[in-house]
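In: what's the 3D shape of this:
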Amino acid sequence: MIKQPHLVEYLETAKEIKHDLAVFVAEEINREAENQKISFAQYHKRVPVTAIADLLNLVGEGVISKTVAKEVFAEMVATGARPAEIIKEKGLEQVSDSGELKIVVAEVVKENPELAEKYKAGKIQVVGFLVGQVMKRTNGRANPQVVTKIIKEQLDGDNS
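Out: Prediction:
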């Protein structure tokens, strides 16, 4: 019997972070080292593991998206700067303000009436395309979960 179930949840979260870290490292480090024509030793000097952990934590907290994390990581490799510094300097924080996002979603839905009709007819996969359009308009800074929710609310609201 587990006396402290919250510790199990905590450890599960740690396992997820470890997995995300492993996937990120496997996919990104070699590519960026090659792109920037540096050795692994040079990479390792510029980007300590703790900096990658910080970056992944910022993704987990919703400060930036995974897409923006790749951009931040490239800058980390190039400059050795910490993720929070890069995000602040470049204004890469994820937009989660529903008021701001509702305006962009409304524009995208208005420009794609045929997709709104398809959604109403049961083709819910069109939401993904609409989310992509909002992401384009916000330069990848919109929080995709918030955008998806707003799109569904707007499209479902049109049904009434």
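In: alpha carbons only for contacts and neighbour counts from here, please
Out: Will do.
In: For residue 78, grab the count of nearby residues.
Out: When neighbours are counted by other CA atoms under 10 Å, residue 78 registers 17.
In: er, residue 102 I mean
Out: 18.
In: which helices and strands does the helix or strand encompassing it pack with?
Out: Element membership for residue 102, per DSSP states H and E: helix 98-111. Contact here means 3 or more CA pairs under 8 Å, 6 or more residues apart in numbering; DSSP states H and E; on that basis helix 98-111 packs against helix 126-137, helix 144-158.
In: Report the distance from it to the chain centre.
Out: 19 Å (CA atoms, centre = their mean, to the nearest Å).
In: Could you check the angle that helix makes with helix 126-137?
Out: 110 degrees (axes from the mean of the first three to the mean of the last three CA atoms, to 10 degrees).
In: Now do stretch 91-98: distance to the chain's middle.
Out: 10 Å.
In: element containing the nearest residue to residue 66 once chain neighbours are set aside?
Out: Once flanking residues are discounted, residue 66 sits nearest to residue 59: 6.2 Å by CA to CA, 6 or more residues apart in numbering. Per DSSP H and E: residue 59 is located in helix 49-60.
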